[in-house]
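Engineer: kindly return the folded structure for what I paste below:
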Amino acid sequence: LAGAIAVCGPVQAADIDQAGAEKLKSSLTHYLPKDLAESGFLTVKPGAGRYEIAVDLMRLIGDKLPADLRITGLEPFAMSATPAETDRWKVDGNGKFDVTAAYKAGETPGTMRYVTDNYDYSGILDPAISYFRNATFTASGIRFSSEQGPEKIEASFDSMNYVMTSADAAGGTLDFKASGAANGFKETVVTKEAPPVDISADSIAFDATIKGLMMREVNDLVMFVLDHMKEKQLSAEQQAALKDKVLKALPLAASIDETVRLSNLSVGTPLGPFGFKGVDYGLNMTGLSEATRFGISIKARDPQAPEG
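Structural biologist: Predicted coordinates for the structure are as follows:
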């Protein structure tokens, strides 16, 4: 949902009226092929001090699904956009999610279900960068299940949270920081050939920092690709324009750093539980260039094994 708004073109804060609603809708769909933009999957209506936005993904993908794939429960998402500081919008949304996909792989039918009992998000959208200046997201009661023949997977999180902030940096670039956690993770995997495996972790937390992100140049490149994605072959002029946009977007960012921390990871086996008190994963890299540096680290603390 937030992603649909994040890639929109410039929108200016203005009076809440029908003309503004049409302008906002146009900004949210201008990069889509005409048939999709006019499919009615997205509506914007003026409300009391805000624009009310509804996104119906089934109207966007419903008639394009394979014959052996059926999706149920995917209801329209609702959100609101309220004029905030100059030329920016405060975007809010909440709800629940319960979607099931029934499919067939070969002759064996299968199902997947994704459920979120409650989610809530809020952020300040800056149309000048086609993204959020800051955002928060929380969810609870997250569950996923998959079943095909004798194979089953069930996974769940008690809760999730995510926070993102940004700041202007040198040369018109942006610095982003994000952190979050998924708490109370449990997963059970059942296969025909082996006993069930239970995996759990008290929490999975992460921190990420992107410095010197060339957001405007990257957005320009993405918009160009979306505008021409249905063309079988680009003209010489278009190829030159694409090359120019790619070069301008490099090195994408000055640096990217990420850490992921698993707390009390446990894997149940017929012999008993194995695990670690903590597992840390780290990634760091510089921007894409001839001097790019890339590093990965994995650390495991306090291994635990069954007695005997």
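Engineer: run a quick neighbour tally on Val260.
Structural biologist: By the measure other C-beta atoms under 10 Å, the count of residues near Val260 is 15. From N, CA and C alone the C-beta is placed, and that goes for glycine too.
Engineer: surely it meets Ala205?
Structural biologist: Yes: taking C-beta atoms under 8 Å as the definition, Val260 is a contact partner of Ala205 at 7.3 Å.
Engineer: look up how far Gly184 lies from Lys152.
Structural biologist: Relative to Gly184, Lys152 is positioned 20 Å away (criterion: C-beta to C-beta, to the nearest Å).
Engineer: and Val260, its phi and psi?
Structural biologist: phi -130, psi 130 (degrees, to the nearest 10).
Engineer: got it, and Gly172?
Structural biologist: According to degrees, to the nearest 10, Gly172 has phi 80, psi 10.
Engineer: need the contact list for it.
Structural biologist: Residues counted as contacts of Gly172 (C-beta atoms under 8 Å, 6 or more residues apart in numbering) are Arg216.
Engineer: how about 10 Å then?
Structural biologist: With contact set as C-beta atoms under 10 Å, 6 or more residues apart in numbering, Gly172 has these partners: 129, 212, 214-217.
Engineer: next one: Lys64
Structural biologist: If you count contacts by C-beta under 10 Å, 6+ apart, Lys64 has them with Leu36.
Engineer: and the gap between it and Pro251?
Structural biologist: 36 Å.
Engineer: widest-spaced pair of the contacts of Gly172?
Structural biologist: With distances taken as C-beta to C-beta, the most widely separated pair in these is Ile129 and Gly212, at 13.7 Å.
Engineer: coming back round to it: restricted to helices, list the contacts of Gly172.
Structural biologist: Secondary structure assignment by DSSP state H places 215-217 of those in helices.
Engineer: most surrounded residue in the residues you listed?
Structural biologist: Met215 (23 neighbours).
Engineer: for it, give me its contacts.
Structural biologist: 126, 128-131, 166, 169, 172-174, 176, 249, 252-253.
Engineer: most neighbours, which of those?
Structural biologist: Neighbours here mean other C-beta under 10 Å. Within the contacts of Met215, the largest count is held by Tyr131, at 25 neighbours.
Engineer: partners of that residue in the sheet?
Structural biologist: Going by DSSP bridges, Tyr131 is paired in beta bridges with Asp126.
Engineer: wait, it sits on Leu174?
Structural biologist: Yes: applying C-beta atoms under 10 Å as the test, Tyr131 and Leu174 come out as touching, 8.3 Å apart.
Engineer: what do those two both touch?
Structural biologist: Here Tyr131 and Leu174 have 166, 213, 215-216 as joint contacts, going by C-beta under 10 Å, 6+ apart.
Engineer: so can I have TSV of these showing pLDDT and distance to Arg143?
Structural biologist: TSV is the format used below for the shared contacts of Tyr131 and Leu174 (pLDDT from 0 to 100; distance: C-beta to C-beta, whole Å):
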residue	pLDDT	distance to Arg143
Ser166	94	32
Leu213	92	34
Met215	87	34
Arg216	85	39
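Engineer: tell me how many other residues surround Ala241.
Structural biologist: Counted with other C-beta under 10 Å, the neighbours of Ala241 add up to 14.
Engineer: quick check, pLDDT for it.
Structural biologist: Listed pLDDT for Ala241 reads 92.
Engineer: so what's it closest to, chain neighbours aside?
Structural biologist: Taking C-beta to C-beta, 6 or more residues apart in numbering, and ignoring the residues beside it in sequence, Ala241 has Phe224 as its nearest neighbour in space, at 6.9 Å.
Engineer: need the three-state assignment for the one you found.
Structural biologist: helix (DSSP: H, G, I helix; E, B strand; the rest coil).
Engineer: renumber starting at 27 from here on
Structural biologist: In the new count, where the first residue is 27, that last one comes out as Phe250.
Engineer: contact partners for it?
Structural biologist: Under the criterion of C-beta under 10 Å, 6+ apart, the neighbours of Phe250 are 57, 260, 264, 267-268, 270-272.
Engineer: mind doing that once more with 8 Å?
Structural biologist: Contacts here follow C-beta under 8 Å, 6+ apart; on that basis Phe250 touches 267-268, 271.
Engineer: between Ile155 and Gly238, which contacts overlap?
Structural biologist: Leu200.
Engineer: where does this structure have low pLDDT?
Structural biologist: Under the criterion pLDDT under 70, the flagged ranges of the chain are 27-40, 56-59, 334.
Engineer: okay, helices next: where are they in it?
Structural biologist: Counting by DSSP H, the segments of the chain that form helices are 28-32, 44-55, 60-63, 83-87, 241-254, 262-275.
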